[in-house]
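Colleague: Output the structure for:
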Amino acid sequence: MPSKGEKYYFVSSLAKGLRVLELLAANGDMSASRVAGHLDTSRAASHRFLTTLRDLGYVEKTGEGQFRLTFKVVELGMRKLDGFEIRHSVHPFLQEMALACGETVNLGHWDGTAIVHLDKINSTEVLRLDVGLGALAPAYCTGLGKAVLAFLPERELEDYLQSVEWVAMSPKTITSPEKLKADIEKIRQRGYAIDDEELSLGLRCVAAPVFDHTGRPTYAMSVSGPTQRMSKKKIDAIQETLLPLCRRISRLIGAPEN
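Modeller: So this is what the prediction gives:
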């Protein structure tokens with residue numbers, strides 16, 4: 001029977017098993033005792049979860065007696081990413097943008113609450129920010145996210161602003177709906193968003209939306225790099241290539257003409 005307050009269909013053991021995977025993803029190798037501490041359960045129960053996941057191929061035991069994730073978990077994530085047809089058709093555009101600007105180029109997908117990094121071309125420079133494919137990023141403090149938010153329907157934008165948890169990722173993060181709305185108005189006017197060290201100090205990013213066949217800003221493309229390379233002059237030059245490129249991608253995936 002479900003505990004008081006739980007939905008009738010909620011399977012507690014399944015939830016705990018998934019929590020184990022999340023713990024291993026966040027912390028790396030862990031012992032059964034350490035996992036038990038995080039789950040607030042006994043070591044024996046923790047060990048059962050871990051050995052079940054091991055038998056299913058999602059976890060393996062190290063020579064030191066700890067547990068870690070296997071590449072089967074990565075395989076699941078990559079299958080999900082491969083399900084996005086846009087990755088294959090848009091990748092040449094990312095390469096074109098990377099060749100033009102020499103910085104890291106990212107393709108993001110708006111999942112309704114955050115930005116999912118679908119694809120990227122890394123800068124050849126040594127100093128760069130390396131975000132993993134499939135990684136989630138908040139929308140309110142990233143170029144990709146703000147490029148999408150600015151062109152959402154007003155009701156959807158308001159719902160997001162009311163539900164988001166405002167966390168200062170850096171001293172320059174916008175953490176209020178009023179200030180973000182003011183920034184969004186500027187983005188609408190110029191057509192592109194700028195993350196000016198809002199996600200991370202030392203990182204600057206410029207991004208533009210990509211519209212799907214319904215006219216929604218479901219995707220966005222960004223160019224990011226360290227502030228010492230991403231000057232205002234360089235951002236101005238990048239956006240002159242980025243905006244037409246995003247319009248080409250939008251047409252490719254069937255966006256209606258304005």
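
Colleague: quick one, domains of the protein?
Modeller: Using automatic domain parsing, the domains assigned to the chain come out as 12-76, 83-252.

Colleague: So which of these is the most surrounded?
Modeller: Between the domains of the chain, the one whose residues have the most neighbours on average, counting mean count of other C-beta atoms under 10 Å, is domain 83-252 (a mean of 18). Where C-beta positions appear, they are placed from N, C-alpha and C, glycine not excepted.

Colleague: And the contacts of stretch 246-258?
Modeller: Outside stretch 246-258, the residues within contact range by C-beta atoms under 8 Å, 6 or more residues apart in numbering are 86, 89-90, 93, 208-213, 215, 219-221.

Colleague: ok, now with 6 Å
Modeller: Contacting residues not belonging to stretch 246-258 are listed as 90, 93, 208, 210-213, 215, 221 [C-beta atoms under 6 Å, 6 or more residues apart in numbering].

Colleague: same question, stretch 26-41
Modeller: With C-beta under 6 Å, 6+ apart as the criterion, stretch 26-41 contacts 23-24, 43, 46-47, 50, 62, 66-68.

Colleague: Now do it, average pLDDT.
Modeller: With pLDDT averaged residue by residue, stretch 26-41 scores 84.

Colleague: Kindly list the longest helix within this protein.
Modeller: When the chain is parsed with DSSP state H, its longest helix is helix 232-252.

Colleague: Tell me the gap between it and the middle of its chain.
Modeller: Per C-alpha atoms, centre = their mean, to the nearest Å, the displacement of helix 232-252 from the mean C-alpha position of its chain is 21 Å.

Colleague: low-scoring stretches of the protein, by residue?
Modeller: Low-confidence segments of the chain, defined by pLDDT under 70, are located at 1-9, 74-85, 126-134, 258.

Colleague: which residues in this protein form helices?
Modeller: Taking DSSP H as the criterion, the chain carries its helices at 12-27, 32-39, 43-55, 71-82, 86-101, 143-149, 154-163, 177-190, 232-252.

Colleague: Throw those helices into CSV and include distance to Ser123, thanks.
Modeller: As requested, these are exported to CSV (distance: least, C-beta to C-beta, whole Å):
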stretch, distance to Ser123
helix 12-27, 26
helix 32-39, 36
helix 43-55, 37
helix 71-82, 21
helix 86-101, 7
helix 143-149, 15
helix 154-163, 30
helix 177-190, 24
helix 232-252, 13
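
Colleague: Tell me which of those sits nearest to Gly108.
Modeller: For the helices of the chain, proximity to Gly108 was assessed by C-beta to C-beta; helix 143-149 is nearest, at 3.6 Å.

Colleague: other SSEs contacting that closest one?
Modeller: In terms of contacts (3 or more C-beta pairs under 6 Å, 6 or more residues apart in numbering; DSSP states H and E), helix 143-149 is packed against strand 193-196, strand 203-210, strand 219-226.

Colleague: Can you tell me what sits against that helix?
Modeller: 108, 110, 115, 139, 193, 195, 205-209, 217, 220, 222.

Colleague: Please save the CA atoms from it in CSV.
Modeller: Extracted as CSV, the C-alpha positions of helix 143-149 are listed here (Å, rounded to 0.1, in the frame of the first residue of the first chain):
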residue,chain,number,x,y,z
GLY,A,143,21.9,32.2,-23.7
LEU,A,144,20.1,29.2,-25.1
GLY,A,145,17.3,29.5,-22.5
LYS,A,146,16.7,33.2,-22.8
ALA,A,147,16.6,32.9,-26.6
VAL,A,148,13.7,30.5,-26.2
LEU,A,149,11.9,32.3,-23.4
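
Colleague: Report the central residue of this structure.
Modeller: Nearest residue to the geometric centre of the chain (C-alpha atoms, centre = their mean): Leu136, 2.6 Å.

Colleague: show me what contacts that one?
Modeller: 114, 116.

Colleague: The one 3 residues further on too?
Modeller: When contacts are counted by C-beta under 6 Å, 6+ apart, Ala139 is found next to 114-115, 145, 149.

Colleague: returning to what we had before: nearest to Lys234, of the contacts of helix 143-149?
Modeller: Nearest to Lys234 among these, with distances taken as C-beta to C-beta, is Val206, at 8.9 Å.
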